[in-house]
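Engineer: Fold the following.
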Amino acid sequence: MIEDALRRHAVEGGDKPAVVCGGEIITYGELDSLSDKLADSLFDRGVGRASKAALLLGNSLEFPVLYYALIKLGAIAVPLNTRYQTAELRSVLDHLEPEALLFHERFRGTVERIRPSLKPLRLCLAADRKSPEFSELLRKGRDVRPEQRASEGEEMICFYTSGTTGDPKGVVLTRRNCLSSAGMWIEAMGFSARDKLLITTPLWHCSATTAFMLSSGIVGATLILLPEFNAEDVLRTVQNQRPNFLWLVPTIMTLLDRHPRFREYDLSSLETMLSGGSPLDPETVRWWKNAQPHLAICNGYAQTEGATAGTLLRDKDVLSKPHSIGTAITKAVELKIAGAGGSEALPGATGEILMRGPHVMKGYYRNQALTEKTIKNGWLHTGDLGHFDGDGFLYYDGRKRDLIIRGGENVFSEEVEAVLSSHPAVAESAVIGVPDDVWGEVVAAVVVMKKDGRATPRDLIAHCSNLLADYKTPQVVVFVDELPKTPTGKVSKKALRDRMGARRTG
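Structural biologist: Next comes the predicted model:
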């Protein structure tokens with residue numbers, strides 16, 4: 001059990017750093033003791049087994065203390081996206097109806113604005129070490145273990161995904177789901193107590209919390225967090241804290257390698273760099289391999305609905321299988337491609353990626369209909385399109401809802417975006433379908449140019465027509481200063497469709 005692992009590390013190596021954040025350290029002994037005290041105080045304030053505790057917290061030492069306290073209570077942690085606007089946060093909390101809301105002091109104004117419209121809370125306070133309320137909870141709590149323990153089938157954590165439907169979607173994960181995911185990452189990456197893991201993403205991401213914070217706590221490694229993301233802070237932290245594992249997303253890889261002071265920092269402690277969120281650009285991989293020849297580079301594909309465990313492209317394949325998202329992370333994960341009518345697709349044929357295993361979520365909170373639509377016979381229907389090659393490697397072909405059908409021909413937006421990105425003037429692009437009186441839909445490209453980039457819509461259309469079939473070539477090209485993004489940093493195709501909805505061709 002999770003609690004037993006934490007206690008064992010506290011007893012066997014209590015002075016070892018468990019979490020480092022912004023230069024501050026909490027040891028395993030402190031983490032175990034403080035989470036016991038906090039669990040005891042929270043229980044006295046009405047937070048217990050199956051209680052939902054919303055956490056509006058940035059990366060901090062308070063986060064893991066609260067996380068483990070809630071685990072020990074058998075309560076359900078609900079980390080909230082700190083980039084939510086007030087209306088988004090209110091919508092999520094109205095849907096969740098939590099018993100407790102714990103927040104960092106910098107969010108007090110937001111909380112005070114929305115609290116009057118929320119269902120009454122048993123507990124609402126600033127979970128900040130500078131907060132007298134939080135200090136009082138830690139002071140009054142007894143350093144004892146809760147008497148009752150939750151079973152593996154009970155709910156442990158809930159993540160609200162950005163979604164594109166506009167309705168809050170709470171992904172409910174049980175202890176078994178989380179332990180399975182953490183176990184898969186431990187097995188695949190070989191995590192042990194010797195490791196120091198630097199995580200560049202916020203802890204309200206499932207990957208940071210479930211794949212890495214939980215994995216680190218189970219094996220007794222040291223977790224290193226950034227209070228806020230800054231590219232140079234990542235480089236500085238690697239040099240100063242000497243992590244051997246780095247978790248990031250492809251965008252951060254690019255921000256790091258383009259940083260003007262990149263070569264001034266000593267990154268020699270790094271042994272493995274894991275990316276996730278989208279396929280890796282082969283040129284970026286080659287750049288890093290030249291800059292850091294000793295570094296193993298891997299890429300993962302997963303979803304919150306699968307507790308962020310799915311596939312892994314290992315270092316030995318990262319250059320020989322460009323653009324692949326790998327193979328199943330461990331034997332516990334089953335994968336298949338569902339073609340037309342639900343039948344299993346042959347290698348090379350694109351269909352929906354399906355996943356099955358002990359890590360697949362329990363379901364969506366208060367949405368049984370969507371749960372039944374998404375999980376069928378144990379298979380998670382990801383809504384992502386992909387295909388296997390002849391060697392069994394998986395490739396991501398875009399979101400199912402991003403498929404453009406032009407005159408009966410399927411166009412995958414990711415393929416067109418990759419071609420647009422190969423133009424030297426293009427910084428970023430997003431491809432969607434717009435209504436057309438003749439073809440039903442045609443391809444439209446929304447493009448952000450580089451600062452010194454020079455190209456006309458006609459230039460980009462000509463570039464695409466040289467590399468793509470005519471039906472895949474954008475018929476509409478629109479330039480914008482920036483693409484709309486979801487709170488998790490992904491391009492919002494929904495916002496683009498809404499913006500382009502009135503545009504009709506033909």
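Engineer: Please count neighbours and contacts with C-alpha atoms only from this point.
Structural biologist: Fine.
Engineer: Tell me where the stretch 151-300 of the chain has helices.
Structural biologist: Per DSSP state H, counting those that start in this stretch, the stretch 151-300 of the chain carries helices over the ranges 175-189, 206, 214-219, 231-241, 250-257, 282-291.
Engineer: To V478, which of those helices lies closest?
Structural biologist: Among those, the nearest to V478 by C-alpha to C-alpha is helix 250-257 (22.8 Å).
Engineer: Give the other helices and strands that the closest one contacts.
Structural biologist: Helices and strands touching helix 250-257, by 3 or more C-alpha pairs under 8 Å, 6 or more residues apart in numbering; DSSP states H and E, are helix 231-241, helix 282-291.
Engineer: can you rerun that using 6 Å?
Structural biologist: Contacting helix 250-257 under the criterion 3 or more C-alpha pairs under 6 Å, 6 or more residues apart in numbering; DSSP states H and E is no other helix or strand.
Engineer: where does this protein have low pLDDT?
Structural biologist: Within the chain, the stretches with pLDDT under 70 are 162-166, 487-488, 501-506.
Engineer: ok, and the closest non-adjacent residue to P435?
Structural biologist: E441 (4.6 Å; C-alpha to C-alpha, 6 or more residues apart in numbering).
Engineer: Show me which positions of the helix or strand hosting Y396 end up buried.
Structural biologist: For Y396, the host element (DSSP states H and E) is strand 394-399. By neighbour count with 16 or more other C-alpha atoms under 10 Å, strand 394-399 contains the buried residues 394-399.
Engineer: hang on, the earlier thing: my read is the residue nearest to P435 is in a helix, agree?
Structural biologist: No: counting by DSSP: H, G, I helix; E, B strand; the rest coil, E441 is not part of a helix but strand.
Engineer: Count the neighbours of it for me.
Structural biologist: E441 has 20 neighbours, counted by other C-alpha atoms under 10 Å.
Engineer: if we can go back for a sec, which residues are contacting the strand holding Y396?
Structural biologist: Strand 394-399 has contacts (C-alpha atoms under 6 Å, 6 or more residues apart in numbering) with 324-326, 384-388, 414.
Engineer: after that strand, next one along is what?
Structural biologist: Next helix or strand after strand 394-399 toward the C-terminus (DSSP H and E): strand 403-406.
Engineer: quick one: strands adjacent to that next one?
Structural biologist: Each strand that pairs with strand 403-406, with its direction, by DSSP bridges: strand 409-412 (antiparallel).
Engineer: And the chain, what are its domain boundaries?
Structural biologist: 28-150, 206-399, 407-500 (automatic domain parsing).
Engineer: Check the offset of the shortest one from the chain's centre.
Structural biologist: The chain centroid and the centroid of domain 407-500 are separated by 25 Å, computed with C-alpha atoms, centre = their mean, to the nearest Å.
Engineer: distance between the ends of it?
Structural biologist: End-to-end distance of domain 407-500 (C-alpha to C-alpha, to the nearest Å): 20 Å.
Engineer: same question, stretch 262-270
Structural biologist: 14 Å.
Engineer: Quick check: buried residues in it?
Structural biologist: Buried, per 16+ other C-alpha under 10 Å, within stretch 262-270: 262, 267, 269-270.
Engineer: Could you export those residues as a markdown table, including distance to L138?
Structural biologist: As requested, the buried residues of stretch 262-270 are exported to a markdown table (distance: C-alpha to C-alpha, whole Å):
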| residue | distance to L138 |
| --- | --- |
| F262 | 41 |
| L267 | 38 |
| S269 | 36 |
| L270 | 36 |
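Engineer: Keep only those of these that are in strands.
Structural biologist: Among the buried residues of stretch 262-270, no member is found in strands (DSSP state E).
Engineer: nearest to L102, of the helices of the stretch 151-300 of the chain?
Structural biologist: Proximity to L102 (C-alpha to C-alpha) singles out helix 206 among those, at 18.3 Å.
Engineer: ok, and which of the helices of the stretch 151-300 of the chain has the densest surroundings?
Structural biologist: Most buried of the helices of the stretch 151-300 of the chain by mean neighbour count (mean count of other C-alpha atoms under 10 Å) is helix 206; its value is a mean of 27.
Engineer: how far does that helix sit from the chain's center?
Structural biologist: Offset of helix 206 from its chain centre (C-alpha atoms, centre = their mean): 5 Å.
Engineer: still on that earlier bit, I'd like the helices of the stretch 151-300 of the chain laid out as JSON lines, including distance to L70.
Structural biologist: Below are the helices of the stretch 151-300 of the chain laid out as JSON lines (distance: least, C-alpha to C-alpha, whole Å):
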{"stretch": "helix 175-189", "distance to L70": "12"}
{"stretch": "helix 206", "distance to L70": "16"}
{"stretch": "helix 214-219", "distance to L70": "13"}
{"stretch": "helix 231-241", "distance to L70": "29"}
{"stretch": "helix 250-257", "distance to L70": "31"}
{"stretch": "helix 282-291", "distance to L70": "39"}
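Engineer: of all the ones you listed, which lies closest to A445?
Structural biologist: A445 lies closest to helix 250-257 among these, at 20.3 Å (C-alpha to C-alpha).
Engineer: before we move on, the earlier item: quick one: which of the buried residues of strand 394-399 is nearest G351?
Structural biologist: Scanning those for proximity to G351, where the rule is C-alpha to C-alpha, the winner is D397, at 8.7 Å.
Engineer: where's that closest one relative to V431, distance?
Structural biologist: Separation of D397 from V431 (C-alpha to C-alpha): 13 Å.
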